[in-house]
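[1] Fold the following, please.
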Amino acid sequence: MLAVLGNPVDSAVALAMSAVSALTSLLTPAAGDLAAAAAVVVLTLAVRLLLLPLSILRLRAARRQTDLARRVQAIRRDHRDRPGRMQRELAEPLRQQRRLLLHQLLPALAQLPFAALLYRLCVTATVAGHANGLLTHAVFGTALGHQWLYGVAAGGLFGPPSLVFAGLFVLLAVVGWWSARLGRRAAAAAPASSPTGVPGLTRVTGLLAYAPVLVAAVVPLAAGISLLVTTAVAAAERHVFEAVSRRPLPT
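    Predicted coordinates for the structure are as follows:
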């Protein structure tokens with residue numbers, strides 16, 4: 001049973017590997033030794049572009065959730081002296097809030113297989129029975145298949161491999177700061193009754209924005225590069241969506 005289920009996954013990884021190999025060959029004249037890393041970036045961007053409709057659905061559901069929270073807050077304020085009327089008025093907005101939670105969760109779950117595919121491509125030693133050629137390429141002398149601790153053991157804390165990973169960590173931290181800033185801004189604009197406006201949750205999500213730095217410290221360099229692109233694009237999508245959607249939604 002597991003073998004049957006594994007075949008489609010292996011086929012998908014092999015297909016992704018073929019795409020990376022083709023991209024590496026295509027980018028080599030321009031990128032030289034960085035062609036394989038550039039291919040990982042391009043493939044990750046292509047996946048994010050493919051998933052863009054799901055990201056928009058999730059962001060729209062989050063914004064509608066905030067709008068509904070404002071409506072719930074207004075109903076509770078206007079009818080606080082009439083509990084029966086308040087309950088009747090709240091029935092429909094609360095039902096819509098529960099539905100919108102699913103609208104945010106399902107697109108996120110639908111993206112997981114694609115994220116898992118990219119991760120497996122960047123960490124697996126063999127693809128379709130052959131050595132994963134992607135992991136033998138290097139970025140400034142650091143193989144895409146090497147992890148941070150391997151680089152520290154090989155060249156010390158200030159050796160070339162460690163410096164490559166340090167650059168990756170810095171970039172991930174900058175993206176984490178940007179994501180946390182977007183979260184704080186959304187929380188400040190959201191009513192307290194909205195999940196986005198809960199102060200404790202805002203602090204937790206702000207800390208989680210820096211979790212990719214820790215992840216990058218324990219995965220191969222190729223996976224860290226893919227993670228950097230994924231988190232940066234996700235933050236950019238959120239920033240652009242919020243800027244565009246400041247207009248009132250149609251009723």
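[2] Give me the mean pLDDT for stretch 35-55.
    For stretch 35-55, mean pLDDT is 91.
[3] And it, what's buried?
    Neighbour-count burial for stretch 35-55, counted by 16 or more other C-beta atoms under 10 Å, picks out 35-44, 47-48, 51, 54-55. For every residue, glycine as well, the C-beta is placed using N, CA and C.
[4] Pick the one among the residues you listed closest to A74.
    S55 (29.4 Å; C-beta to C-beta).
[5] dump the residue contacts of the closest one.
    Residues in contact with S55 (C-beta atoms under 8 Å, 6 or more residues apart in numbering) are 48, 107, 111, 234, 237.
[6] From those residues, pick the one nearest S25.
    Using C-beta to C-beta, R48 is the member of the contacts of S55 that lies nearest S25, at 22.5 Å.
[7] Surely that closest one and T230 touch.
    Yes: in this structure, R48 is within contact of T230 by C-beta atoms under 8 Å, at 6.6 Å.
[8] so where do the helices sit in the stretch 1-150 of the chain?
    In the stretch 1-150 of the chain, the segments counted as helices under DSSP state H, counting those that start in this stretch are 2-31, 35-50, 52-78, 83-123, 148-155.
[9] Can you pull the poorly scored residue ranges out of the stretch 51-200 of the chain?
    By pLDDT under 70, the low-scoring segments of the stretch 51-200 of the chain are 189-200.
[10] Would you format the helices of the stretch 1-150 of the chain as a markdown table with distance to V213 included?
    Shown next, in a markdown table, are the helices of the stretch 1-150 of the chain (distance: least, C-beta to C-beta, whole Å):
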| stretch | distance to V213 |
| --- | --- |
| helix 2-31 | 25 |
| helix 35-50 | 18 |
| helix 52-78 | 22 |
| helix 83-123 | 16 |
| helix 148-155 | 11 |
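[11] Buried deepest among those helices, which one?
    Of all those, helix 35-50 carries the top mean neighbour count, a mean of 19, counting by mean count of other C-beta atoms under 10 Å.
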